[in-house]
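Q: Any chance you can model this:
(6 chains, ligands or ions: 30)
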There are 6 protein chains.
Amino acid sequence: MTEDSRLVTFGESMLRLSPPGHERLTHTDRLDVHVAGAESNVAVAANAVGLPSTWTSKLPESPLGRRVTNALREYGIDTAVAWSDDGRQGTYYVEAGTKPRGTNVVYDREGASVRTATVDDLPLDRIAAADAFYTSGITPALGETLRETTEAVLEAARGEDTLTVFDVNYRSKLWTGEEARAGIEPLLGDVDVLVCARRDAELVFDVDGTPAEKARALADEYGVETVVVTRGANGALAVHDGDVVERDAFETETVDAVGSGDAFVGGFLAKFVPTGDVGRALEYGTATAALKRTIPGDMAAVTREEVEALVAEGGDGGISR
Amino acid sequence: MTEDSRLVTFGESMLRLSPPGHERLTHTDRLDVHVAGAESNVAVAANAVGLPSTWTSKLPESPLGRRVTNALREYGIDTAVAWSDDGRQGTYYVEAGTKPRGTNVVYDREGASVRTATVDDLPLDRIAAADAFYTSGITPALGETLRETTEAVLEAARGEDTLTVFDVNYRSKLWTGEEARAGIEPLLGDVDVLVCARRDAELVFDVDGTPAEKARALADEYGVETVVVTRGANGALAVHDGDVVERDAFETETVDAVGSGDAFVGGFLAKFVPTGDVGRALEYGTATAALKRTIPGDMAAVTREEVEALVAEGGDGGISR
Amino acid sequence: MTEDSRLVTFGESMLRLSPPGHERLTHTDRLDVHVAGAESNVAVAANAVGLPSTWTSKLPESPLGRRVTNALREYGIDTAVAWSDDGRQGTYYVEAGTKPRGTNVVYDREGASVRTATVDDLPLDRIAAADAFYTSGITPALGETLRETTEAVLEAARGEDTLTVFDVNYRSKLWTGEEARAGIEPLLGDVDVLVCARRDAELVFDVDGTPAEKARALADEYGVETVVVTRGANGALAVHDGDVVERDAFETETVDAVGSGDAFVGGFLAKFVPTGDVGRALEYGTATAALKRTIPGDMAAVTREEVEALVAEGGDGGISR
Amino acid sequence: MTEDSRLVTFGESMLRLSPPGHERLTHTDRLDVHVAGAESNVAVAANAVGLPSTWTSKLPESPLGRRVTNALREYGIDTAVAWSDDGRQGTYYVEAGTKPRGTNVVYDREGASVRTATVDDLPLDRIAAADAFYTSGITPALGETLRETTEAVLEAARGEDTLTVFDVNYRSKLWTGEEARAGIEPLLGDVDVLVCARRDAELVFDVDGTPAEKARALADEYGVETVVVTRGANGALAVHDGDVVERDAFETETVDAVGSGDAFVGGFLAKFVPTGDVGRALEYGTATAALKRTIPGDMAAVTREEVEALVAEGGDGGISR
Amino acid sequence: MTEDSRLVTFGESMLRLSPPGHERLTHTDRLDVHVAGAESNVAVAANAVGLPSTWTSKLPESPLGRRVTNALREYGIDTAVAWSDDGRQGTYYVEAGTKPRGTNVVYDREGASVRTATVDDLPLDRIAAADAFYTSGITPALGETLRETTEAVLEAARGEDTLTVFDVNYRSKLWTGEEARAGIEPLLGDVDVLVCARRDAELVFDVDGTPAEKARALADEYGVETVVVTRGANGALAVHDGDVVERDAFETETVDAVGSGDAFVGGFLAKFVPTGDVGRALEYGTATAALKRTIPGDMAAVTREEVEALVAEGGDGGISR
Amino acid sequence: MTEDSRLVTFGESMLRLSPPGHERLTHTDRLDVHVAGAESNVAVAANAVGLPSTWTSKLPESPLGRRVTNALREYGIDTAVAWSDDGRQGTYYVEAGTKPRGTNVVYDREGASVRTATVDDLPLDRIAAADAFYTSGITPALGETLRETTEAVLEAARGEDTLTVFDVNYRSKLWTGEEARAGIEPLLGDVDVLVCARRDAELVFDVDGTPAEKARALADEYGVETVVVTRGANGALAVHDGDVVERDAFETETVDAVGSGDAFVGGFLAKFVPTGDVGRALEYGTATAALKRTIPGDMAAVTREEVEALVAEGGDGGISR
Ligand SMILES: [Ca+2]
Ligand SMILES: [Ca+2]
Ligand SMILES: [Ca+2]
Ligand SMILES: [Ca+2]
Ligand SMILES: [Ca+2]
Ligand SMILES: [Ca+2]
Ligand SMILES: [Ca+2]
Ligand SMILES: [Ca+2]
Ligand SMILES: [Ca+2]
Ligand SMILES: [Ca+2]
Ligand SMILES: [Ca+2]
Ligand SMILES: [Ca+2]
Ligand code: NI
Ligand code: NI
Ligand code: NI
Ligand code: NI
Ligand code: NI
Ligand code: NI
Ligand code: NI
Ligand code: NI
Ligand code: NI
Ligand code: NI
Ligand code: NI
Ligand code: NI
Ligand code: NI
Ligand code: NI
Ligand code: NI
Ligand code: NI
Ligand code: NI
Ligand code: NI
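A: Ligands and ions are numbered 1, 2, ... in the order given. Got it, this is the predicted structure:
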């Protein structure tokens, strides 16, 4: 860990509390604890697939805040945290449904320490030294301070030739589509790679059409070099310098879908950052997302070998003995 | 809870003991405890969907008997219990199978206190004040005393213009089809709403044909105003004053099927009792049953909002965040 | 539950989240969920020992808020809740130590819905109809609004000849001793029964001496008719109309000490409210507290029979079979 | 297991269901399953310490009945069961207290298949071939049929020169002291070794004095060759042919006290049956009981080596590595 | 258990350690313990379906070795073990995947005591007295000593007219296909029934074609009277004295696939050994395998009645109550 | 983690597998997984108390080996591992006793990858750059290769002015006292700080007398500048340049004693390395050990603040709220 990280991500990471199995929050006597957040999830996935990663944020100086960094270190990523005496540790509750009951997320993240993070809380030198920087639309959704910080850090990263990556990650429980558009558009001038779910293209940017049309529209409208549009079950497509590249998703039997979008981005970056090969990066992304779906919790506890084997040979879930 | 309940149900409620996952009873080191019984299940479901409900029964004055009322109160229903120094707390064991092994129920309910319940043990004033009264064929199956009590309470309820609802709920481990018919037929003269599974119509009443034909036959034979016939996977149909109303089931990925029939009845009554709208009531019933299938245990831990959203929009089990 | 409650309590109730055994918060993968709060704890204990009780408060309309009322109903008490669309559900984390590591409580209760509760949110008619009303120093510690509400509700209760009971319950993580004194003193003019831990008498009211001297000093200073001072391991003493009554604690092997002070108050009130017998009430209080110490979680899941047997015969933890 | 067992025991074995930790039955969501019964406990302990043992009884042909024999075989003892289509599997619930709350046993054993066991259900040939036969006062307490069966089997065993061993094992929830005396006295003429707790000597036989005096009184009154009186914390004393032999208990930190009396008897017999050495047998008994106290469940999952090491060297609970 | 076993199996049995659910070995905090090994699995399945069975092997004299025999006795089979002071207890780790992540087995079985087992460690008299003897290709894969022992015991069994059964059970983590062929071919001259997975026929014996062609080729090449070829999802086919008999698999919803091949063999032998009816035996085998797939762990905890009911009526996983 | 570590430790770290509670290995169905080893334990404790630490070793490239580094990173220490394709991951089983049954450790560490570690596998540059290097007598006990590696690395560290620390850590299940002496004596010429349990001084070095006399004897005999002798319950004493310094242990209620000796050394070094203050270092050591005893698992999951508060104020295990 003495070598510099090649990816730095910035955002909120929370305690994810979930009843066992399909129990209901209203009656559960137990909560399983995981640590989750789009940006730390991406760091974990990218790191697992081979891109050494750092996550940076602001946390309360408390056992709950330390629970977060302990988990991230367990998953191999470096942490650069501004420890704070103010604010709380964000949490959220996930109640796992099956058809027709949906999986329900109850956020309890108001007042989190991270909401006061300014650019001075961030390790700009590490971001400058890194190959890539990532954050998502969740960060500016958390308040005006974080919106300004996001803008400043993207600008700073780009100024240092660090590849800037932004995932729209629209969350309807945080803001409306219109608010999201207003909050995100000013940031896109400093973004090199934009990731956007097919549905978010419509809800946030009012862009219609096929996934490829949506990707082109976003690339044109905002002048972003690489736009990745993710489709259902984590297949994906990219428009890169005008060319469309597309990859199917792997068939999965899903154990836990939460975090698979972040795993896609982490796997994508692990290949894209060192090689610039969009097609291979999409394959790594879809493979990482598919493997994540077989694992409880948000974190893609996979290995580069597993991702490469899946890309090369596919996987049917058989027994290896 | 100071206002009167609008539904009163009467029957046995047991401790439901089940090994975790798909473990076998013959080897399990642990049993999960739930409280279950057709009539308390119906009360819980109806109450959850908006019809304030009371469950009445007889229980042993013991920690096990109190475990039952504690659970029912947790699920929001009022209890009116005759506490007894005689008899035991009924239990049953559920071993969850998957294909091709069936789910196996082992009853251990002989000698339960409830088997000596007479009409004097029941809160006839509350039943009179309620809008509806419910019991099922399981109650008279539990012995001659309970058969007589069932007859008396149905007659009393009807005499007070309380809507009487009866679910055949045939259990082959309690009595034969012939015994069931002999035990149930004398009760039907006091029944306003009869619920019967498609298969039970044949096994108990020797009625063949399509579900609609079965419903008509039962309505005609026994002079019941409303007959509901439930079909596979909890779709259902009703004959009401001669008209047939039918609703499909919702597609489900089932976590625990036990209790879904009772959830159907509870959801149905929550709509039918205040409105008399059979079609809407069937929708509420199938929606409540479908949601129950996603929840471990017999109890429909749902909200009226969830049922209404499912009826209005359907549900695909996605993530809400 | 159709009869009126004889005790009404008012305060915050939280989700109490604790790692299993003696695990540390910084590493735990699981949290056990209990519901706790001084005032709901007192209601549960008093109700268990025979005084029908209602808890009143303000909660967020969310699965977490409903988790609170579900638990309280499971323990047999009636709830009168103002459901709110604003504010969050308070939580706190308990990490159980053993010697020399202390048990550590991490509060996460900022921004709770209850903090905006005004006297209009409370069921004043029920409080008027009740025999007694209880709240503790934790309530005014939660902000100026709640301090005013506490003052108003104590005054209203007294005006209706409802016995008013107040437990100092000093929490150093909520306010300083000086702040507590400033917040509590103005309330004492409307208090009939004051409960104060020996140590809190010093920390909050700067009162020294033996427990009896402290009780007398508080009674004199604030003109309170009955002052109960609790000593180590839940023995207790009262000054009532100038007389000192004292009872030893029962010897215990403690499983969970949290909530035992509230259990004392609940047991005390269950005897004191109907009889006014201070000595017997102290016995019921110490017995209830001792039994609570053998039970995990804050709630005194005991029976009146158990309390009476302990008062009458003592208890050595042997096997009854 | 092809060689004959040297000890045969006869009695009821039940499913022992207990909430985890110190949870209360009235609220628990989980029950841990053990198999227990005085006579099977003795067989397990004796077998573990080196005396090959068979347990005989009558069980229902059901998954619950098979759960019992599976557990006993796991612990190494042979089972000779009359499988029955009538009667139920007895269960009991154990709620573990600590001071001052006692451990509470709730029996649910009415109607068990074993209550109809006659001497024809028992393997008399094996009992004849064995060195010793054991049953306890619990067996005749379970009804007139079993009382008669007990009498017949003791007589038959003695007639075959099999050493007959009887433990009074008074259970106040099964019968009164007077009933016990009336049920047991007629059996004692066929008993070679009588085991009686100090307290039971008083409650059942109205015998006072020191443990030695009690043992002598019982030996004289009933003409029993060897009388063992167990004292608090499982120390013990025997009168054998008029001589008193006494051994202290080992100091223990108890995890689960239930079954330790049976473990004492099993350890005692494992030494007494092959050697007739009363003093050494008492040492083996107290050592086996002390080790059992460190193990959850009724069964003495120990080894002969552990018992011998404890007898020889004592034990302080240190780490062996 | 005093009657002779009709089947004796010989091989390694291990502790199977697996994270709960789909957790990853790299992060799990808990391992569930089962006991598993092809030959003990076959004994358990055959015994459950009605063929009394003994498992023989060599184990370390340690708590871990005793854990193995305790489990096997719990499942009703007799054990004949050479206890050793040398060598360790083999373990393996199973990490359950779902599509596309495969289930991964990590062996930790080097240096196990069984690897030094010679024919002198085995109960040749019991094998001679038995109707059938079974071992699998895993045994000779564990080293030259075990290869020689396997050869000697097969020869000895055949010399005593005990039916010899051998399952190829190729494990790519133990040896290559070529090594397997070299190790197994010399044994086949003493084999009466050869079981071989369709895929292993190719990987080990380089035999192509349809399952029937493969079975014929193996029967011809090695002069084996009965060759069973198992196909996907446990359907199977046999060539017996030149005739082909074939049975479909039952449709299953799989909980745990590991051990289903062994369950097939056990079910097959339970019918084949007493009757010689190949077709019925295949039905019993596929039914036992299908039921095993619904049970966690390697062991077929089924009953003969369940297997017979499945063969006779099929099974859809419904509720029996 | 970009700054250099101030302490480097070298040794074997294992998977520690333990049944829950006081269950026995012979019957447990579950094992809790921790990572443990004297040298990694010391690194964790020292790091927690403020001395940045690295652990170095050799591990198999497998999920089990990665489980080890994941855990150590979770606890904040840096790892420098030689990943190997040969050898296995060492494990051990801990069965927790209470009086009189001892806690039993069953090692399964034969053939571990670390046993082939040579000095070339170690990061000598980091050891040179560190302030201190630590290993224990367990390392040379694991074979001749590791004995040589230990000798070489101690010599190398000393040659670079890195303080060398050695804990005798005698394990009777690894070697005899005589073997230990022969293996350790040649190393002591390169040791600056020697830690030795009072009992080990006798068993290994045949040194009698009071703890102070033992410390002096060891210091004189082997020319070690600082000798720390630990006494019962983790009190300790040091001879440093001829002076004796002594500190009492803290009173504890022990949850898990395993690893407390290592926690002592870690706490000691965290103070001794930066300050050289022996007395304060003993206080930090005894405080860290006392806190470790309240935590399940080997690892001292404490904070510097907790240790300092305990040293300053003592600790009675009360509630902080
Ligand atoms: Ca609950
Ligand atoms: Ca995501
Ligand atoms: Ca078991
Ligand atoms: Ca039902
Ligand atoms: Ca973790
Ligand atoms: Ca309290
Ligand atoms: Ca519960
Ligand atoms: Ca006993
Ligand atoms: Ca963990
Ligand atoms: Ca297999
Ligand atoms: Ca078990
Ligand atoms: Ca250690
Ligand atoms: Ni699921
Ligand atoms: Ni996420
Ligand atoms: Ni997890
Ligand atoms: Ni399932
Ligand atoms: Ni039901
Ligand atoms: Ni449940
Ligand atoms: Ni504890
Ligand atoms: Ni409290
Ligand atoms: Ni609890
Ligand atoms: Ni305890
Ligand atoms: Ni017992
Ligand atoms: Ni157990
Ligand atoms: Ni699964
Ligand atoms: Ni297997
Ligand atoms: Ni299992
Ligand atoms: Ni313990
Ligand atoms: Ni961990
Ligand atoms: Ni742990």
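Q: Give me every residue in the stretch 201-321 of chain A lying close to ligand 14.
A: A:Gly259, A:Asp298 (Cβ under 5 Å from the ion). C-beta coordinates here come from the backbone N, C-alpha and C atoms, glycine included.
Q: What of the stretch 1-150 of chain A?
A: A:Ala38.
Q: Run through the helices of the stretch 1-150 of chain A in chain order.
A: Along the stretch 1-150 of chain A, the stretches classed as helices by DSSP state H, counting those that start in this stretch are A:38-48, A:63-74, A:124-129, A:138-141, A:144-159.
Q: Now name the helix or strand holding the residue nearest to A:Val191 when sequence neighbours are not counted.
A: Excluding its sequence neighbours, the residue lying closest to A:Val191 (Cβ to Cβ, 6 or more residues apart in numbering or on different chains) is A:Phe166, at 4.5 Å. A:Phe166 is located in strand A:163-167, with elements delineated by DSSP states H and E.
Q: Alpha carbons only: can I get that strand in PDB?
A: Once side chains and other backbone atoms are set aside, the C-alpha atoms of strand A:163-167 remain, and they are given as PDB (Å, rounded to 0.1, in the frame of the first residue of the first chain):
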ATOM      1  CA  LEU A 163      -9.500  11.100 -15.800                       C
ATOM      2  CA  THR A 164     -12.800  12.200 -14.300                       C
ATOM      3  CA  VAL A 165     -15.600   9.700 -14.100                       C
ATOM      4  CA  PHE A 166     -19.200  10.500 -13.100                       C
ATOM      5  CA  ASP A 167     -22.200   8.100 -12.600                       C
END
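Q: picking up where we left off before, would you list the helices of the stretch 1-150 of chain A in JSON lines and tack on distance to chain D, mean neighbour count and mean pLDDT?
A: Written out in JSON lines, the entries for those read as follows (distance: least, Cβ to the nearest Cβ, whole Å; neighbours: other Cβ atoms under 10 Å in any protein chain shown; pLDDT from 0 to 100):
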{"stretch": "helix A:38-48", "distance to chain D": "32", "mean neighbour count": "31", "mean pLDDT": "98"}
{"stretch": "helix A:63-74", "distance to chain D": "23", "mean neighbour count": "23", "mean pLDDT": "98"}
{"stretch": "helix A:124-129", "distance to chain D": "44", "mean neighbour count": "16", "mean pLDDT": "96"}
{"stretch": "helix A:138-141", "distance to chain D": "35", "mean neighbour count": "24", "mean pLDDT": "98"}
{"stretch": "helix A:144-159", "distance to chain D": "41", "mean neighbour count": "19", "mean pLDDT": "98"}
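Q: of those helices, which approaches D:Leu218 most closely?
A: For the helices of the stretch 1-150 of chain A, the distance to D:Leu218 is smallest for helix A:63-74, at 60.4 Å, taking Cβ to Cβ.
Q: Report all helices and strands that that closest one contacts.
A: Secondary-structure packing of helix A:63-74 (3 or more Cβ pairs under 8 Å, 6 or more residues apart in numbering or on different chains; DSSP states H and E): strand A:14-18, strand A:30-36, helix A:38-48, strand A:53-60, strand A:78-84, strand C:91-95, strand C:103-108, helix F:63-74.
Q: residue contacts, the nearest residue to A:Ala38 once chain neighbours are set aside?
A: Closest residue to A:Ala38 apart from its sequence neighbours, by Cβ to Cβ, 6+ apart: A:Ser136 at 4.5 Å. Contacts for A:Ser136 (Cβ atoms under 8 Å, 6 or more residues apart in numbering or on different chains) come out as A:Gly11, A:Ala38, A:Glu39, A:Val42, A:Phe166, A:Asp167, A:Val168, A:Asn169.
Q: swap in A:Ala257?
A: Contacts for A:Ala257 were tallied using Cβ under 8 Å, 6+ apart; they are A:Thr103, A:Arg293, B:Ile319.
Q: so where do the strands sit in the stretch 101-250 of chain A?
A: A:103-108, A:132-136, A:163-167, A:193-197, A:226-230, A:236-240, A:243-247 (DSSP state E, counting those that start in this stretch).
Q: So for E:Leu310, which of these sits nearest?
A: Between E:Leu310 and those, the tightest spacing by Cβ to Cβ is seen for strand A:103-108, at 35.2 Å.
Q: What residues of that closest one count as buried?
A: For strand A:103-108, a neighbour-count test (16 or more other Cβ atoms under 10 Å in any protein chain shown) marks A:Thr103, A:Asn104, A:Val105, A:Val106, A:Asp108 as buried.
Q: That one near ligand 2 at all?
A: No. Using Cβ under 5 Å from the ion, we find that strand A:103-108 stays clear of ligand 2, coming within 10.8 Å at best.
Q: Each with direction, which strands does that strand pair with?
A: Partner strands and pairing direction for strand A:103-108 (DSSP bridges) are strand A:91-95 (antiparallel), strand B:319-320 (parallel).
Q: The residue in the stretch 51-200 of chain A that chain B sits nearest to - how many residues pack around it?
A: Relative to chain B, the nearest point of the stretch 51-200 of chain A is A:Pro100 (3.1 Å; Cβ to the nearest Cβ). Per other Cβ atoms under 10 Å in any protein chain shown, the neighbour tally for A:Pro100 reads 22.
Q: which residues does it contact?
A: Residues in contact with A:Pro100, defined by Cβ under 8 Å, 6+ apart, are B:Phe250, B:Glu251, B:Thr252, B:Ala290, B:Leu291, B:Thr294, B:Leu310, B:Gly314, B:Gly315, B:Asp316, B:Gly317.
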